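Q: no FASTA, just this:
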């Protein structure tokens, strides 16, 4: 019998809210989950900072108490908080945008958050966590999340051990991580 891995396909057709809503929900779930023995991977040839959580009405104040009165909580703020309980691995390429993001004090100065860069031909895009895997065409940038037409697939893990889809993704991400420059 084949293993069932619930998934959802999202097409954004040049923007819209389905993709940012999915990211907010999935990423917030990691803050609620707490510590895990598996790292969370964020892979994209281009990574930049962008507004991730709309907190204008304090919807996320409980998750981000330090930023409770901040109207927009950025990707870098989220990663900084996530790294307090879970190892965060950023995988990207050397380019002006990604380098500027990795050089941000909030990113560079956070323990438990590490970055590696791949060869210029590296084109993997996705977010891999113990409870889900988001894969597709989206770069981890403002344009990738909010503006461009993208197609992503959200796979969720409802069981332990990990379903084969996520376990295989971890094998590949771990292999790539080990082969990349520090």
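A: Alright, I've got the coordinates. None of the values given here were measured: they were computed from a predicted structure.

Q: residues in contact with stretch 68-86?
A: Stretch 68-86 has contacts (C-beta atoms under 8 Å, 6 or more residues apart in numbering) with 27, 30-31, 34-36, 39-40, 42, 48-56, 58, 60-61, 63-64, 66-67, 88, 90, 101, 104, 106-107, 110-113, 140. Backbone N, C-alpha and C define where each C-beta goes, glycine included.

Q: PyMOL command for the buried members of those?
A: Per 16 or more other C-beta atoms under 10 Å, the buried members of those correspond to this PyMOL selection:
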select buried, resi 27+30+31+39+40+42+48+49+50+51+52+53+55+60+63+64+67+88+90+101+104+107+110+113+140
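
Q: the contacts of stretch 68-86 in helices, which ones?
A: 27, 30, 31, 101, 106, 107 (DSSP state H).

Q: from residue 179, how far out is the fourth one?
A: In this structure, residue 101 lies at 22 Å from residue 179, with C-beta to C-beta, to the nearest Å as the measure.

Q: just for the chain, where's the confidence low?
A: Counting by pLDDT under 70, the chain has low-confidence residues at 1-4, 15, 181.

Q: just the strands in it please.
A: Here the chain has its strands, by DSSP state E, at 7-11, 40-43, 51-54, 72-74, 88-93, 113-118, 126-129, 132-136, 151-156.

Q: redo those strands as a markdown table? Include distance to residue 165.
A: Formatted as a markdown table, the strands of the chain follow (distance: least, C-beta to C-beta, whole Å):
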| stretch | distance to residue 165 |
| --- | --- |
| strand 7-11 | 8 |
| strand 40-43 | 15 |
| strand 51-54 | 25 |
| strand 72-74 | 30 |
| strand 88-93 | 19 |
| strand 113-118 | 22 |
| strand 126-129 | 10 |
| strand 132-136 | 7 |
| strand 151-156 | 5 |
